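Student: test case, fold it:
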Amino acid sequence: MRIRLMTFNIAHGRGLGLYQGFTSGRRLRRNISAIAALMREWRVDIAAFQEIDEDSHWHHGVRMMDELKAESGFETALMGVNTRREGGKPLAYGNAIFTRLPVEIWDNQPFGNATLGEKGFMYAELSLGNGVLLPLVNLHLDYRSKARRIEQLGRMIDYMRARPQREDRVHLPPVVCGDFNSGAGNATDAVLQLFRHLTLEEKYYLYPEKSRTFPSLMPSVGIDFMFIPGDFRIVGCRVVPAMISDHMPVLVEFVPNSI
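Tutor: Coordinates of the predicted model:
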């Protein structure tokens, strides 16, 4: 079984605009259609999105999750709200997982309760058939503070350690992906810290190895990554040159072990 996984910070659907509050409903719908077309074009099986809205005031009533699900043709779309604010200008946004694989268990873990800009991660166990589960983490870390990123990473690691494994299932090593808001060149920052943790017990690959993903018009840094278990067979990896966000999506095609 080949699986195509995409991780993509879609910047609230604002495209290349500086602020989603300046994006009209008409342009938002065009951007949603472009993201859906990208998923269809690259035959994506699992999409891990960051900065996607469930329902926020700046979207002029456009239901982003619903429209993206309908246009992309995915049967399952899971929303993990990390930022929620009520009142005259409500907000509800965070991460999402779109998948063509059956979902056995999923959960969302915000890192805090800020009413603007809160980050977090989603966890899902996807069925590959015959009792084999693929754990997936979709992660978005703080962009301002390395110390905060390391703290958030520690909370995610603690969560994963505490996850029970059912005796009637085969749990593969987890795939971790998302927007790390840090590069892979700093040994004390989140990317390499997570790599060290994962490789204590398993061999892992980090993708993309050197490609840049941000900002999309003139990318200068790579901050969007996937951690793939070392005994998975990698078919291909690419940074997709899509100008529909300030990030570029990362696509990895792999074959899990035991399949």
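
Student: correct me if wrong, but I97 is in a strand.
Tutor: Yes. If the criterion is DSSP: H, G, I helix; E, B strand; the rest coil, then I97 is within a strand.

Student: confidence score at the nearest residue to R14 once chain neighbours are set aside?
Tutor: Using C-beta to C-beta, 6 or more residues apart in numbering and skipping residues adjacent in sequence, the residue nearest R14 is Q20, 4.0 Å away. All C-beta atoms are positioned from the backbone trio N, CA, C, and that covers glycine. pLDDT recorded at Q20 is 93.

Student: any idea how far S245 is from Q20?
Tutor: Going from Q20 to S245 by C-beta to C-beta, to the nearest Å gives 11 Å.

Student: same check, this time on Y93
Tutor: 14 Å.

Student: low-confidence regions, the stretch 101-250 of the chain specifically.
Tutor: For the stretch 101-250 of the chain, applying pLDDT under 70 flags no range at all.

Student: CA-only coordinates of the strand or helix carrying R161 in PDB, if you can.
Tutor: Element membership for R161, per DSSP states H and E: helix 146-162. C-alpha atoms of helix 146-162 as PDB (Å, rounded to 0.1, in the frame of the first residue of the first chain):
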ATOM      1  CA  LYS A 146      12.500  28.500  21.000                       C
ATOM      2  CA  ALA A 147      12.000  27.800  24.700                       C
ATOM      3  CA  ARG A 148       8.200  27.700  24.100                       C
ATOM      4  CA  ARG A 149       8.700  25.300  21.100                       C
ATOM      5  CA  ILE A 150      10.800  22.900  23.300                       C
ATOM      6  CA  GLU A 151       8.200  23.000  26.000                       C
ATOM      7  CA  GLN A 152       5.400  22.200  23.500                       C
ATOM      8  CA  LEU A 153       7.500  19.400  22.000                       C
ATOM      9  CA  GLY A 154       7.900  17.900  25.500                       C
ATOM     10  CA  ARG A 155       4.200  17.900  26.000                       C
ATOM     11  CA  MET A 156       3.600  16.100  22.700                       C
ATOM     12  CA  ILE A 157       6.300  13.500  23.600                       C
ATOM     13  CA  ASP A 158       4.700  13.000  27.100                       C
ATOM     14  CA  TYR A 159       1.300  12.500  25.400                       C
ATOM     15  CA  MET A 160       2.700   9.900  23.000                       C
ATOM     16  CA  ARG A 161       4.500   8.000  25.800                       C
ATOM     17  CA  ALA A 162       1.200   7.800  27.700                       C
END
